[in-house]
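Chemist: any chance you can model this:
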Amino acid sequence: MRDPVLFAIPFFLLLLILEWTAARKLESIVTDEARPSSGAYFTRDSVASISMGLVSIATTAAWKTLALLGYAAIYAYLAPWHLPVSGWYTWVIAIVGVDLLYYAYHRTAHRVRLIWATHQAHHSSQYFNFATALRQKWNNSGEILMWIPLPLLGVPPWLVFFAFSVNLIYQFWVHTERIDKLPRFFEFVFNTPSHHRVHHGMDQVYLDKNYGGIFILWDRLFGTFQAELFRPHYGLTKQVDTFNIWKLQTHEYLAIARDWRSATRLRDRLGYVFGPPGWAPRGQVATTGPVAVVTSQ
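Modeler: Numbering: from 1, shown residues only. Below is the predicted model of the structure:
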């Protein structure tokens, strides 16, 4: 199994270097002294992002190896039919199916704190550039479970992995402030830098919007679409002041554990784990999740 992402890495790095160079050249142009200039890079932040991406290559491979065993069993013994790889529709089902299931997983990851604990690492940068695209999670268990319907429908396991790699490669280029809005048809159908800037925004109007991977149509269909109104403020609503990649990956799990220990009722403990980020019993203050943030430039 040759993961297309591995072949795309040199192109990722080339685009990252080009964007970083452009950002250095334009450093003197600052529109807001209180914020990084558009598309800016901060070395420690970028090193953290790239480091998390390098570790994720190994962790993702491990998760895929584990998933392959389960997918192969489902495909061989439970699938009512096996879709032919030679059929164009099999590839369409795989790519569109992965993207739809990615939307479902992604939306869940923002609304269930236990899953958010894994996903929040990707949102932890206050910068938005190609390095941020490499700031990947190390726990892919949620996505692995979300893909189960595809081998059950007869999609070959290797094609499921291939489709997700295509999805991941596509999402790299939408992590930039250097590309403005694209033609209206493209913006209507596909995820774009403009749409994904919204998704990474911590502004109240942008929270929990634009979950699509390749297609933004899912957000339009299911009511989670938000157009870009102004340049977002990036990062978590409660920023994590560290560039330690281990802490960036694990701090939310530790916060959940602290909240679990502090609760006296089972329902509150379950709320801290499975409720949305920021959930807290009435009258108490959450240790994570949405807070009041700016909503204008």
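Chemist: give me the buried positions along stretch 243-255.
Modeler: 243, 245, 248-252, 255 (16 or more other CB atoms under 10 Å). C-beta coordinates here come from the backbone N, C-alpha and C atoms, glycine included.
Chemist: ok, these vs residue 70, which is closest?
Modeler: residue 249 (24.3 Å; CB to CB).
Chemist: do you know how far that closest one is from residue 137?
Modeler: 7 Å (CB to CB, to the nearest Å).
Chemist: sorry, back to before: nearest to residue 192, of the buried residues of stretch 243-255?
Modeler: Distances from residue 192 to the buried residues of stretch 243-255, taken by CB to CB, are shortest for residue 248, at 26.7 Å.
Chemist: what's in contact with the helix or strand that the closest one is a member of?
Modeler: In this assignment (DSSP states H and E), residue 248 forms part of helix 245-262. With CB atoms under 8 Å, 6 or more residues apart in numbering as the test, helix 245-262 has contacts from 48, 51-52, 55, 113-114, 116-117, 120-121, 124, 137-138, 240, 242, 269, 272-273, 280, 287-288.
Chemist: which of these are buried?
Modeler: 48, 51-52, 113-114, 116-117, 120-121, 124, 137-138, 240, 269, 272-273, 280, 287-288.
Chemist: still on that earlier bit, list the residues that contact both of residue 249 and residue 137?
Modeler: In contact with both residue 249 and residue 137: residue 121, using CB under 8 Å, 6+ apart.
Chemist: that older thread, would JSON lines of the buried residues of stretch 243-255 with pLDDT and distance to residue 148 be doable?
Modeler: Converted to JSON lines, these look like this (pLDDT from 0 to 100; distance: CB to CB, whole Å):
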{"residue": "243", "pLDDT": "95", "distance to residue 148": "36"}
{"residue": "245", "pLDDT": "96", "distance to residue 148": "30"}
{"residue": "248", "pLDDT": "96", "distance to residue 148": "29"}
{"residue": "249", "pLDDT": "96", "distance to residue 148": "25"}
{"residue": "250", "pLDDT": "96", "distance to residue 148": "26"}
{"residue": "251", "pLDDT": "95", "distance to residue 148": "29"}
{"residue": "252", "pLDDT": "96", "distance to residue 148": "25"}
{"residue": "255", "pLDDT": "95", "distance to residue 148": "29"}
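Chemist: and which of those is nearest residue 75?
Modeler: For the buried residues of stretch 243-255, the nearest to residue 75 is residue 249 (31.4 Å; CB to CB).
Chemist: what is the rounded mean pLDDT of stretch 58-66?
Modeler: The predicted model assigns stretch 58-66 a mean pLDDT of 90.
Chemist: run through the stretch 101-250 of the chain and note the low-pLDDT ranges.
Modeler: Low-confidence segments of the stretch 101-250 of the chain, defined by pLDDT under 70: none present.
Chemist: how about the helices in it?
Modeler: 113-123, 130-133, 141-146, 149-152, 157-172, 184-189, 193-199, 217-222, 245-262 (DSSP state H, counting those that start in this stretch).
Chemist: noted, bye for now.
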